[in-house]
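> Show me the folded form of this:
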Amino acid sequence: MLIKRDITDHLLNMAGEYPVVSILGPRQSGKTTLAKMAFPNHQYINLEEPDIREFAQSQPRELLNNYQGDLIIDEIQRVPDLLSYIQVITDNTKKKGQFIITGSYQAAVKAGISQSLAGRTALITLIPLSIKELNSAGLVFERDEYIYQGFMPRIYSENQSPKYLYQNYYATYVERDVRQLINIGNQIQFERFIKLLAGRIGQIVNLNSLAGDVGVSQNTLTSWLSVLESSYILFRLPPYFNNFGKRIIKAPKLYFTDVGLAASLLGIENKEQVFRDPLFGGLFENMVIMDALKTLYNKGRTSGLYYFRNQNGLEVDLLYNAGRSIIPIEIKAGISFDLSFSKNIKLLKKLSNDITKGYVVYGGDTNTKTEDADFLSFRELQSIFE
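Okay, here's the model as predicted:
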């Protein structure tokens, strides 16, 4: 079952304006399928294939000459030098949408693009499926089932078991990619680190404390964290501190790009275990924040997402900077709403005139309006950004 991606229209629009479109995102998020579905007449090469990669490294000009016309190049980070040759070709042909490239490690791809394709490519970020995309395909689930199953396309297109998919995903992609990018002296320490991060979803991570728990230096953890973020395993949610005074927490919070991987790292093996897990609220928050990010990416917007916390204990889970206004969003996992859920939104409004309306996104199905905030089912989250 192929699920239409909401980002398709934006992708096609960018291909009509730029000679190269770069689709970045985590492995198995559907980049290749998206590219092939949107551009069925393009030829295709995959740089993960050893013979193709060797050919691209040793004879890049001849490789590209063999594929005259429009081309999809998968996993460009494996041979980033190809970007310089693509620049020459596109400068000569001036054809829009000639190359569609995908990449799973943003640091390498973005560095190559800034050097070779500046002004010649549109950047698009594709992360796993959104709740809206699943629902549009007729795949509607309960709250805990979404968290356990996660949002990797293969779970739904190939009916794969979430339990084994995420175990294999960690072993074959997370560990392998990180090993290729940095030298991990002790694999057990790295696995302990990433599991500890799963246990701190939605928290401000103290690397000094984690370094003691893992048994490596803080500098080592900083390096690991950077690679996990660049590989789209983790997402860093920055704090918002403009115009809210000086006593503001300014450290980011961390979430997993796919909540299913986080659930797997926590040892959750079925949907019934989700609600009983001590980190259930954090997992739900992770799912909602990433769904908000997907909604924005699918519309071609940069994030614009933040959280707020001050030293007096006032916190709002999510802020969306919508131009001249700031939209506060509280996230509650419960299936029934309580007016007290919006109390922090009410307090935050007193700190800034830029905040005019707030939302509480919760685990139930009923939408209702109150004086301080609109209560929305997590299934309706995307309506905030439309």
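> now whichever helix in the chain runs longest: mean pLDDT?
The single longest helix within the chain, with elements called by DSSP state H, is helix 280-298. Averaged over helix 280-298, pLDDT sits at 97.
> What is it packed up against?
helix 131-136, helix 143-149, strand 234-237, strand 253-256, helix 259-265, strand 305-309, strand 315-322, strand 325-332 (3 or more CB pairs under 8 Å, 6 or more residues apart in numbering; DSSP states H and E). C-betas here are computed from N, CA, C, even on glycine.
> if we go to 6 Å?
Secondary-structure packing of helix 280-298 (3 or more CB pairs under 6 Å, 6 or more residues apart in numbering; DSSP states H and E): helix 259-265.
> Let's see the helix it packs on as PDB, backbone CA atoms only.
Below are the C-alpha coordinates for helix 259-265, written out as PDB (Å, rounded to 0.1, in the frame of the first residue of the first chain):
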ATOM      1  CA  VAL A 259       8.200   8.000  18.500                       C
ATOM      2  CA  GLY A 260       8.100   4.300  17.600                       C
ATOM      3  CA  LEU A 261      11.900   4.100  17.900                       C
ATOM      4  CA  ALA A 262      11.700   5.800  21.300                       C
ATOM      5  CA  ALA A 263       9.100   3.300  22.500                       C
ATOM      6  CA  SER A 264      11.200   0.400  21.200                       C
ATOM      7  CA  LEU A 265      14.300   1.700  23.100                       C
END
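> Number the residues from 4 up from this point.
Yes, from this point I'll number from 4; that puts the last item at helix 262-268.
> contact partners of it?
150-153, 165, 169, 198, 201, 204, 259, 286, 289-290 (CB atoms under 6 Å, 6 or more residues apart in numbering).
> residues contacting Tyr169?
Gly263, Leu264, Ser267.
> Looking at these, spot the one nearest Leu384.
Nearest to Leu384 among the contacts of Tyr169 is Gly263, at 17.6 Å by CB to CB.
> Quick check: chain neighbours aside, which residue is closest to that closest one?
In space, Gly263 comes closest to Gly153 once its chain neighbours are excluded; the distance is 1.6 Å by CB to CB, 6 or more residues apart in numbering.
> and if you look at Leu342?
That would be Thr373: by CB to CB, 6+ apart, it lies 6.2 Å from Leu342.
> Dihedrals phi and psi, the one you found?
Phi and psi for Thr373, reported as degrees, to the nearest 10, are phi -130, psi 180.
> What is the neighbour count of it?
Thr373 has 15 neighbours, counted by other CB atoms under 10 Å.
> same deal with Lys372?
Using other CB under 10 Å, Lys372 is surrounded by 9 other residues.
> likewise Ala336?
Ala336: 22 neighbours (other CB under 10 Å).
> ok, it - contacts?
Here Ala336 is in contact with Gly284, Phe287, Gly366 (CB under 6 Å, 6+ apart).
> Any figure for the gap between the second one and Ala376?
Using CB to CB, to the nearest Å, Phe287 is found at 18 Å from Ala376.
> Do a quick rundown of the helices in the stretch 154-303 of the chain.
Using DSSP state H, counting those that start in this stretch, the helices of the stretch 154-303 of the chain run over 156-160, 165-172, 178-184, 190-201, 210-217, 221-233, 262-268, 275-279, 283-301.
> Of those, which stretch is the most buried?
helix 262-268 (a mean of 26; mean count of other CB atoms under 10 Å).
> Relative to Asp357, how far out is Lys97?
In terms of CB to CB, Lys97 sits 43 Å off from Asp357.
> Between all of the contacts of helix 262-268, which two are separated the most?
Using CB to CB for every pair in the contacts of helix 262-268, the one that comes out farthest apart is Gln152 and Lys198, at 20.0 Å.
> just curious, which of the contacts of Ala336 is nearest to Lys346?
Of these, the one sitting nearest to Lys346 (CB to CB) turns out to be Gly284, at 16.7 Å.
> Now do the residue lying closest to the closest one once chain neighbours are set aside, the pLDDT please.
Leaving out its chain neighbours, the residue that sits closest to Gly284 by CB to CB, 6+ apart is Ala336, at 4.9 Å. We note a pLDDT of 95 for Ala336 in this prediction.
> phi, psi of Ala336?
phi -80, psi -20.
> give the contact list for Ile207.
So Ile207 contacts Ala254, Lys256 (CB under 6 Å, 6+ apart).
> Can you tell me the closest non-neighbouring residue to the spatially most distant residue from the centre of the chain?
Here the chain reaches farthest from its C-alpha mean at Glu65, the gap being 35.3 Å by CA atoms, centre = their mean. Closest residue to Glu65 apart from its sequence neighbours, by CB to CB, 6+ apart: Phe58 at 7.7 Å.
> And whatever helix or strand the one you found lives in, what's buried?
Here Phe58 sits within helix 53-61, counting by DSSP states H and E. For helix 53-61, a neighbour-count test (16 or more other CB atoms under 10 Å) marks Ile55, Arg56, Phe58, Ala59 as buried.
> Tell me how many other residues crowd Ser306.
Ser306 - counted by other CB under 10 Å - has 16 other residues nearby.
> Show me what the lowest-mean-pLDDT helix or strand in the chain packs onto, helices and strands only.
Within the chain, no helix or strand scores below helix 178-184, which has a mean of 73 by mean pLDDT, DSSP states H and E. Based on contacts counted as 3+ CB pairs under 6 Å, 6+ apart, there is no element that helix 178-184 packs against.
> contacting residues around Phe42?
So Phe42 contacts Ile103 (CB under 6 Å, 6+ apart).
> gap between it and Thr36?
12 Å.
> again with Lys360
37 Å.
> give the contact list for the residue nearest to Gly263.
Contacts of Gly153 (CB under 6 Å, 6+ apart): Pro165, Asp261, Val262, Gly263.
> and what of Ile271?
Ile271 touches Val277, Asp280, counting by CB under 6 Å, 6+ apart.
> ok, how many other residues are close to the closest residue to Arg382 other than its chain neighbours?
Spatial nearest neighbour of Arg382, excluding adjacent residues (CB to CB, 6+ apart): Ile134 at 5.9 Å. Neighbourhood size, Ile134 [other CB under 10 Å]: 24.
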